[in-house]
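# Sequence first, predicted model second:
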Amino acid sequence: MLVIRRRPGEILLIGNEIEVEVLEIASSQVKLGIRAPKQVIVLRKEIQIAGQENLAASGKRSHAAVNSLLRTLKKREPAPIRAL
Amino acid sequence: MTRHFEFPQGIPAFETHKRFRLIEKLPLLFLESETNPELSFLVLPVTLIDPEYHLALSSEDRATIGADGESPLLCLAVITAVEDSPPTANLLAPVVVNLETGRAVQAVRSDAAYSHKHPLLPEGAPCS
């Protein structure tokens, strides 16, 4: 992984068209500004993970997996399903 | 009993699906898209999977579902139960419904406190 040190107000380039500017730093957060062509998708990594997991979860369900899940649930204390 | 929920932003990878209905086949629950009923997700109350689950709702997600501190929230984990792998729950991104407004969001956490593939079966249990 390429590692670069930057200060607030400083910019780095990815290719010719993508700029990432460090806007603000705090103790546990960095605020970044990104300039990129419209067709470039800029996404928080965890959104991509959630999307991939949603795609996996939307696939054909396995009866075996659902049945083993049901058996596991039966062994547990029934949890209240609130306010349905 | 069926409930209809509105997802103003859809959910990641399915952004065009803005309305889902909740179908109860207890103890299982399903979220079925009203845009295309062939799309459905098996979901379970998060507290059933982890009674200690600590929900982290960003201010953006809170605004999306119109939730204040008092709103009754239903928190559901999306389950992945497909061939060739043991079932897992996505605790990184629970579906959070404001039961007052009927609006819902998949609240993707920014911290790494929970896994998107939380195992549901006791370790070593055969998946059959």
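The structure has been received and is ready for your questions. Numbering: from 1, shown residues only, chains lettered A, B, ... in the order given.

# what's near enough to touch residue A:69?
Shown in contact with residue A:69 (C-beta atoms under 8 Å, 6 or more residues apart in numbering or on different chains): B:79, B:81, B:87, B:120, B:121. Glycine gets a C-beta too; all of them are placed from N, C-alpha and C.

# Checking my notes, it in a helix, right?
Yes. Counting by DSSP: H, G, I helix; E, B strand; the rest coil, residue A:69 is part of a helix.

# Reformat the contacts of residue A:69 into a markdown table and put distance to chain A and neighbour count next to each item.
Listed next are the contacts of residue A:69 as a markdown table, based on distance: C-beta to the nearest C-beta, whole Å; neighbours: other C-beta atoms under 10 Å in any protein chain shown:
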| residue | distance to chain A | neighbour count |
| --- | --- | --- |
| B:79 | 7 | 25 |
| B:81 | 4 | 26 |
| B:87 | 5 | 27 |
| B:120 | 6 | 22 |
| B:121 | 6 | 16 |
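
# mind listing which of these are in strands?
Using DSSP state E, the members of the contacts of residue A:69 that fall in strands are residue B:79.

# Out of the contacts of residue A:69, which comes closest to residue B:95?
residue B:79 (11.1 Å; C-beta to C-beta).

# what's across from the closest one in the sheet?
residue B:42, residue B:89 (DSSP bridges).

# What sits closest to the residue nearest the centre of chain A if chain neighbours are left out?
Centroid check for chain A by C-alpha atoms, centre = their mean gives residue A:46 as the closest residue, at 0.8 Å. Sequence neighbours aside, residue B:108 is the residue nearest to residue A:46 in space, at 5.1 Å (criterion: C-beta to C-beta, 6 or more residues apart in numbering or on different chains).
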